[in-house]
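1. Sharing a sequence plus its predicted fold:
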Amino acid sequence: MHAKSESDVTSLAASSPPRSPKRAGGVGGGNNYYVQSPSRESHDGGYKSSSMQATPALNDKGWPECNVIEEEGPYEDLAGDSGLSRRCQIILGFLTFVLLFTVFCLIIWGAARPYEPEVIVKSLVMDDFYAGEGTDHSGVPTKLVTTNCSLHISVYNPATMFGIHVTSGPIHLIYSEISIAVGQLRRYYQPRKSHRVVTAVIHGEKVPLYGAGGSLMLSSTGGAVPLKLDFDLTSRGYVIGKLVRVTHKVHVTCPVVVDAKKTKPIRFSKKACAVYKA
């Protein structure tokens with residue numbers, strides 16, 4: 001065995017803790033020992049000296065700080081992309097709704113289009129028809145005719161989904177291409193699947209005939225006078241408010257023979273008048 005040097009013995013003695021002194025008079029004559037723990041200062045000092053470099057600095061958050069690696073872009077960019085996507089979805093949804101609603105309206109319009117009203121001229125009641133000699137507003141001598149009559153028209157609305165608003169243009173009573181009396185049908189509403197007979201008053205006061213009145217028989221002598229009824233009748237049905245509406249317009253012409261001495265209503269057969277789309 002190697003002999004220990006004096007320096008080794010000295011270092012071992014310094015590093016070994018002092019032994020506890022013996023306590024005299026112990027129980028049973030045994031030896032009692034006291035174990036002396038290292039002082040707080042030496043313990044703390046050793047702890048600090050050995051762990052000062054390894055222990056991270058404490059902070060007020062309660063956990064160690066570290067750098068965070070950003071794997072994605074800023075949240076503002078994500079929010080912007082989300083907002084743009086949502087805006088596109090809203091626009092796309094709105095356009096889809098408009099397209100579907102337009103298709104729906106076209107289907108409704110196509111289903112309502114075939115329901116055309118039936119127009120039948122029933123009768124003409126001649127209250128007054130008089131022709132005589134006279135002068136016009138400028139003093140030119142000519143024949144003048146005065147007419148006062150009532151026209152009865154039957155209108156049938158076959159539509160099952162909507163009512164119609166019916167009106168007419170000017171109703172002319174024509175003699176030799178000259179309108180001797182004019183009237184108009186007042187606008188009215190007619191429910192669905194319904195018939196209605198409406199009346200239009202036709203009136204003319206001292207209408208000059210000029211050269212056309214040469215062949216006209218005077219009322220005092222009587223006789224048949226060939227006339228013609230001519231007018232347009234318009235019906236408009238609002239299927240879905242004003243968004244979907246159906247309009248039909250017909251032109252009606254009826255030849256009629258008037259006798260001033262006869263006061264009975266002039267009735268028309270179904271085929272007497274020509275009714276066609278305007």
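-> Now that the structure is in, tell me what you want to look at.
2. what about residue 135, how many neighbours?
-> The criterion is other C-beta atoms under 10 Å. On that basis, residue 135 has 12 neighbouring residues. In short, each C-beta sits where N, CA and C put it, glycine included.
3. Now do the contacts for the residue nearest to it when sequence neighbours are not counted.
-> Once flanking residues are discounted, residue 135 sits nearest to residue 141: 5.3 Å by C-beta to C-beta, 6 or more residues apart in numbering. By C-beta atoms under 8 Å, 6 or more residues apart in numbering, the contact set of residue 141 is 133, 134, 135.
4. three-state assignment of residue 110?
-> The three-state assignment at residue 110 reads helix, by DSSP: H, G, I helix; E, B strand; the rest coil.
5. how much space between it and residue 97?
-> Between residue 110 and residue 97 the distance is 20 Å, computed by C-beta to C-beta, to the nearest Å.
6. if we can go back for a sec, so which of the contacts of residue 141 comes closest to residue 257?
-> The nearest member of those to residue 257, counting by C-beta to C-beta, is residue 133 at 23.1 Å.
7. wait, doesn't that closest one sit right on residue 145?
-> No - using C-beta atoms under 8 Å, residue 133 makes no contact with residue 145, being 11.0 Å away.
8. higher neighbour count, these two?
-> residue 145 (25 against 10).
9. Hmm, residue 207 and that one touching each other?
-> Yes - counting by C-beta under 8 Å, residue 207 is a contact partner of residue 145 at 5.4 Å.
10. Identify the contacts common to the two.
-> residue 180.
11. Please enumerate the strands of the chain.
-> Along the chain, the stretches classed as strands by DSSP state E are 118-135, 141-157, 164-168, 171-175, 178-183, 188-190, 194-208, 224-240, 244-259, 266-267, 274-277.
12. could you dump those strands to CSV with mean pLDDT?
-> As requested, the strands of the chain are exported to CSV (pLDDT from 0 to 100):
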stretch, mean pLDDT
strand 118-135, 88
strand 141-157, 92
strand 164-168, 95
strand 171-175, 94
strand 178-183, 93
strand 188-190, 94
strand 194-208, 93
strand 224-240, 92
strand 244-259, 92
strand 266-267, 92
strand 274-277, 90
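13. Tell me which of the ones you listed is the most buried.
-> Ranked by mean neighbour count, those are led by strand 171-175 with a mean of 22 (mean count of other C-beta atoms under 10 Å).
14. Render the CA-only coordinates of it in PDB, please.
-> Once non-C-alpha atoms are left out, strand 171-175 reads as follows in PDB (Å, rounded to 0.1, in the frame of the first residue of the first chain):
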ATOM      1  CA  ILE A 171    -115.000  52.300 -78.200                       C
ATOM      2  CA  HIS A 172    -115.800  53.800 -81.600                       C
ATOM      3  CA  LEU A 173    -119.100  53.600 -83.500                       C
ATOM      4  CA  ILE A 174    -118.100  54.200 -87.100                       C
ATOM      5  CA  TYR A 175    -120.100  55.300 -90.100                       C
END
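15. Just give the nearest non-adjacent residue to residue 124, would you?
-> residue 266 (4.5 Å).
16. what residues are up against that neighbour?
-> Taking C-beta under 8 Å, 6+ apart, one finds 123, 124, 125, 126, 256, 257, 258 in contact with residue 266.
17. Which one of these is nearest to residue 180?
-> Distance to residue 180, by C-beta to C-beta, is smallest for residue 258 among the contacts of residue 266, at 10.2 Å.
18. Can you name the residues bridging to the closest one?
-> Beta bridges link residue 258 to residue 225, judged by DSSP bridges.
19. Hmm, residue 249 and residue 278 touching each other?
-> Yes - Residue 278 is within contact range of residue 249, at 4.2 Å (criterion: C-beta under 8 Å).
20. what's the overlap in contacts for those two?
-> Contact criterion C-beta under 8 Å, 6+ apart; residues shared by residue 278 and residue 249: residue 232.
21. now residue 195, nearest residue through space, not along the chain?
-> When the adjacent residues along the chain are set aside, residue 195 lies closest to residue 156, with 5.0 Å between them (C-beta to C-beta, 6+ apart).
22. now do residue 136
-> Closest residue in space to residue 136, ignoring its immediate chain neighbours: residue 208 at 4.3 Å, by C-beta to C-beta, 6+ apart.
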